[in-house]
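Engineer: Pasted the sequence and its predicted model underneath.
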Amino acid sequence: MGKIGNPKNEDEAFLKREDYYKNLLRKLKAEKQKVQLGGGEKAIERHKAKGKLTARERINLLVDNPNEFIELSTFAAYNMYQEYGGAPSSGTVYGLGKINNKYHVVVANDATVKAGAWFPITAKKNLRAQEIAIENKLPIIYLVDSAGVFLPLQEDIFPDKEHFGRVFRNNAVMSSQGIPQIAAIMGPCVAGGAYLPIMSDEALIVEGEGSVFLAGSHLVRAAIGEIINNENLGGAKVQSNISGVTDYIMKNDTECIQQIKKLTEKFGNKEKAGFNRAESLPPLFPSKEIYGLLPEDPLKPYDMYEIISRIVDDSEIDEYKAGYGKTIITAYARVDGWAVGIVANQRTVIKTETGEMQVGGVIYSDSADKAARFIMNCNQRKIPLLFLQDVTGFMVGSRAEHGGIIKDGAKMVNAVANSVVPKITIIIGNSFGAGNYAMCGKAYDPRFIFAYPNAKIAVMGGAQASSVLLDIKLKQAEKNGKVFDDNEKKKLLKEITNSYEESSTPLYAAARLWVDELIDPALTRQYVSMAIELADNNPDIPKFNVGVIQT
């Protein structure tokens with residue numbers, strides 16, 4: 001057991017890095033404020049003129065403390081669907097908040113964005129919200145106000161396994177698992193979308209605004225010639241008093257939300273997983289100092305121990321195999337009292353016992369072997385895993401290949417893939433290639449995955465990728481008889497590099513839900529603690545078995 005970290009050195013380099021990171025956060029906050037306007041001020045005015053609250057106002061009224069609500073996937077669909085006018089936050093707001101002092105997943109359609117219509121990424125976002133509810137056995141509240149599928153893109157949202165229909169399948173699965181689902185119909189609820197609230201355990205409907213039907217009045221007239229308005233077809237009184245489809249008629253949004261709070265107040269307590277928690281102790285150094293420790297250039301080295309010392313309780317770790325496989329740090333620690341097993345990429349250049357210099361951020365055979373063993377230990381002892389990613393990939397070259405890097409890398413990937421304890425991943429800097437997989441990227445089912453505002457997710461670094469892509473372009477051109485001069489090659493390389501770098505940004509990743517949220521590094525402890533507290537709600541931890549691992 002030992003303390004780690006050193007007091008900050010407020011030299012010019014530290015202050016420059018700190019200013020750079022604070023500026024990144026300011027820009028991110030400004031973009032978030034734009035996104036949270038949804039369809040824009042005029043659309044909000046039209047929405048409120050109907051006596052309705054906006055999606056985020058509904059959530060704020062529902063949760064115990066709006067300031068503590070953790071919105072996720074805020075940047076979903078960022079800069080996507082521009083040909084259709086965009087879809088800020090994909091027209092859906094969701095996150096985690098306490099209602100009657102218990103965590104719930106809350107999902108709300110934003111009707112100011114294309115009447116709350118579902119784009120392809122909207123379906124993916126709703127499925128992620130349900131996945132969080134299922135994995136952590138959390139009650140889920142749906143605040144429904146949606147025109148249904150966005151028809152111009154219906155082929156990308158309707159028929160496939162991870163499309164619209166999967167949402168209703170999940171409704172049924174959650175019900176069978178005893179996960180409470182309450183839906184409030186606060187606007188239109190049409191066609192396939194009508195199944196979501198009605199497959200929930202209880203459904204409330206707002207009189208005058210809420211409606212639910214398989215086909216609206218226009219389609220009914222076109223299909224069978226019947227002339228009827230939407231209220232008489234599937235309004236609150238019809239669906240509550242005649243069909244019995246909905247359970248409660250509410251006068252307005254406010255009354256509806258108060259009724260949800262009354263219903264959730266009576267939920268019973270459930271068994272916990274029992275992850276170890278002790279008294280919380282703050283780190284010895286302020287978490288905000290992380291700003292000045294991270295380099296502006298994500299390829300430059302820094303000491304990951306210094307970052308960890310600003311995250312863990314009392315800046316104290318029990319390091320596993322401290323002198324072996326030094327490009328990955330493995331250590332037991334506590335975060336806000338919770339016991340965690342940390343797997344972190346060390347970004348400084350490492351000198352081994354044999355005098356060999358190892359590049360920081362690269363996974364070598366010894367590091368992969370150590371990490372695999374540590375992950376197995378944590379699974380055996382029911383200790384949640386915290387992955388701190390800043391990885392440029394596995395070591396390449398003849399020496400690495402002859403030393404069995406593929407075998408050792410596969411061993412680590414196997415342990416990560418079969419891990420049964422909750423995994424929380426934070427992308428601090430780079431997340432390249434197979435390193436993303438080994439360090440528990442999105443494909444490896446982290447319970448939550450967050451990223452810092454300077455993170456990069458890509459198959460490889462920009463310089464290497466651009467060189468490869470340029471070579472491919474030039475060879476294709478040569479086949480067609482085109483030869484580029486040096487100036488043309490430089491121009492093409494710049495275009496390729498800019499395009500590649502743009503697709504590697506954290507906002508690009510967040511738009512496509514590769515991460516759950518972009519977070520302020522100073523709040524890392526809070527996010528990790530929340531993630532483990534939520535995971536503790538699910539006591540069903542399968543037996544750990546890594547399968548076949550070559551030794």
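Structural biologist: Now that the structure is in, tell me what you want to look at. Numbering: from 1, shown residues only.
Engineer: just the strands in the stretch 301-450 of the chain please.
Structural biologist: For the stretch 301-450 of the chain, the strands defined by DSSP state E, counting those that start in this stretch occupy 316-319, 328-335, 338-345, 350-351, 357-358, 362-363, 385-391, 393-394, 423-432, 448-451.
Engineer: Longest helix in the chain, by number of residues?
Structural biologist: Ordering each helix of the chain by length in residues (DSSP state H) puts helix 12-35 first.
Engineer: Now do that one, average pLDDT.
Structural biologist: Taken as a whole, helix 12-35 carries a mean pLDDT of 96.
Engineer: The closest residue to Y320 other than its chain neighbours bridge partners, please.
Structural biologist: Nearest-residue entry for Y320: T330, 4.4 Å, with adjacent residues in sequence omitted and distances by Cβ to Cβ, 6 or more residues apart in numbering. In this view, the C-beta of every residue, glycine as well, is placed from N, C-alpha and C. When assigned by DSSP bridges, T330 has beta-bridge partners V343.
Engineer: From L72, how far out is T330?
Structural biologist: 28 Å (Cβ to Cβ, to the nearest Å).
Engineer: out of these two, which sits in the more crowded spot?
Structural biologist: Neighbour count, other Cβ atoms under 10 Å: between T330 and L72, T330 has more, with 25 against 21.
Engineer: thought that one was touching D318?
Structural biologist: No. T330 is not in contact with D318 according to Cβ atoms under 8 Å; the separation is 10.0 Å.
Engineer: Next, please give the residue ranges for the helices of the stretch 401-550 of the chain.
Structural biologist: For the stretch 401-550 of the chain, the helices defined by DSSP state H, counting those that start in this stretch cover 405-418, 433-438, 462-479, 486-502, 506-511, 524-535.
Engineer: and the fifth one, what's its mean pLDDT?
Structural biologist: In other words, helix 506-511. For helix 506-511, mean pLDDT rounds to 95.
Engineer: packing partners for it?
Structural biologist: strand 448-451, strand 456-458, strand 517-518 (3 or more Cβ pairs under 8 Å, 6 or more residues apart in numbering; DSSP states H and E).
Engineer: what's the most buried one of those?
Structural biologist: strand 448-451 (a mean of 25; mean count of other Cβ atoms under 10 Å).
Engineer: For that strand, name the packing helices and strands.
Structural biologist: Looks like strand 448-451 contacts strand 423-432, helix 506-511, strand 517-518, helix 524-535 (3+ Cβ pairs under 8 Å, 6+ apart).
Engineer: what would these look like in TSV with distance to V206?
Structural biologist: As requested, those are exported to TSV (distance: least, Cβ to Cβ, whole Å):
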stretch	distance to V206
strand 423-432	37
helix 506-511	32
strand 517-518	30
helix 524-535	30
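Engineer: between these, which gets nearest to I205?
Structural biologist: Proximity to I205 (Cβ to Cβ) singles out helix 524-535 among those, at 29.7 Å.
Engineer: Which one of the helices of the stretch 401-550 of the chain lies nearest to G148?
Structural biologist: helix 506-511 (22.6 Å).
Engineer: Can you dump the C-alpha atoms of that closest one in PDB for me?
Structural biologist: In PDB, the C-alpha atoms belonging to helix 506-511 read as follows (Å, rounded to 0.1, in the frame of the first residue of the first chain):
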ATOM      1  CA  PRO A 506     -14.700  13.200 -29.000                       C
ATOM      2  CA  LEU A 507     -17.700  15.000 -30.300                       C
ATOM      3  CA  TYR A 508     -17.800  12.700 -33.300                       C
ATOM      4  CA  ALA A 509     -17.600   9.700 -31.000                       C
ATOM      5  CA  ALA A 510     -20.300  11.100 -28.700                       C
ATOM      6  CA  ALA A 511     -22.600  11.800 -31.700                       C
END
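Engineer: from what I can see E279 touches R334, true?
Structural biologist: No. Look at E279 against R334 with Cβ under 8 Å: they stay out of range, at 9.2 Å.
Engineer: the more surrounded of those two?
Structural biologist: Set E279 next to R334 and count neighbours by other Cβ under 10 Å: R334 wins out with 21 against 8.
Engineer: closest one to F213 among the helices of the stretch 401-550 of the chain?
Structural biologist: Nearest of the helices of the stretch 401-550 of the chain to F213, taken as Cβ to Cβ: helix 506-511 at 32.8 Å.
Engineer: Quickly note the distance from the closest residue in space to P180 that isn't next to it in sequence to M250.
Structural biologist: Residue nearest to P180 in three dimensions, not counting chain neighbours: P139, with 4.1 Å by Cβ to Cβ, 6+ apart. As judged by Cβ to Cβ, P139 and M250 stand 19 Å apart.
Engineer: the more surrounded of these two?
Structural biologist: M250 (24 against 21).
Engineer: Could I get the pLDDT score of that one?
Structural biologist: 96.
Engineer: which residues of the stretch 1-150 of the chain fall in strands?
Structural biologist: Under DSSP E, counting those that start in this stretch, the stretch 1-150 of the chain gives strands at 2-3, 70-72, 92-99, 102-109, 140-146.
Engineer: As CSV, those with mean pLDDT and distance to A368 would be great.
Structural biologist: What follows is the strands of the stretch 1-150 of the chain, written out as CSV (pLDDT from 0 to 100; distance: least, Cβ to Cβ, whole Å):
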stretch, mean pLDDT, distance to A368
strand 2-3, 92, 24
strand 70-72, 98, 31
strand 92-99, 98, 33
strand 102-109, 97, 35
strand 140-146, 96, 38
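Engineer: Pick the most buried one from the ones you listed.
Structural biologist: Highest mean neighbour count of the strands of the stretch 1-150 of the chain: strand 140-146, a mean of 28 (counted as mean count of other Cβ under 10 Å).
Engineer: ok, now how distant is N65 from Y142?
Structural biologist: 21 Å.
Engineer: go on, E533?
Structural biologist: Following Cβ to Cβ, the distance that separates E533 from Y142 is 23 Å.
Engineer: Repeat that for A443.
Structural biologist: Taking Cβ to Cβ as the measure, A443 falls 27 Å from Y142.
Engineer: and of the helices and strands packed on strand 448-451, who's closest to V459?
Structural biologist: Closest to V459 of those is strand 423-432 (Cβ to Cβ; 6.9 Å).
Engineer: Show me what the closest one is packed against.
Structural biologist: strand 385-391, strand 448-451, strand 456-458, helix 524-535.
Engineer: Lowest average confidence across those, which one?
Structural biologist: strand 456-458 (a mean of 88).
Engineer: what's it packed up against?
Structural biologist: strand 423-432, helix 506-511.
Engineer: Swap in 6 Å and give it another go.
Structural biologist: Counting contacts by 3 or more Cβ pairs under 6 Å, 6 or more residues apart in numbering; DSSP states H and E, strand 456-458 is packed against strand 423-432.
Engineer: what's around the closest residue to P298 other than its chain neighbours, how many residues?
Structural biologist: Spatial nearest neighbour of P298, chain neighbours left out: G429 (4.5 Å); criterion: Cβ to Cβ, 6+ apart. For G429, the neighbour count with other Cβ under 10 Å is 27.
Engineer: Wait, G429 touches D390, no?
Structural biologist: Yes. Look at G429 against D390 with Cβ atoms under 6 Å: they come within range, at 3.7 Å.
Engineer: where does the stretch 301-450 of the chain dip in pLDDT?
Structural biologist: 355, 400, 402-403 (pLDDT under 70).
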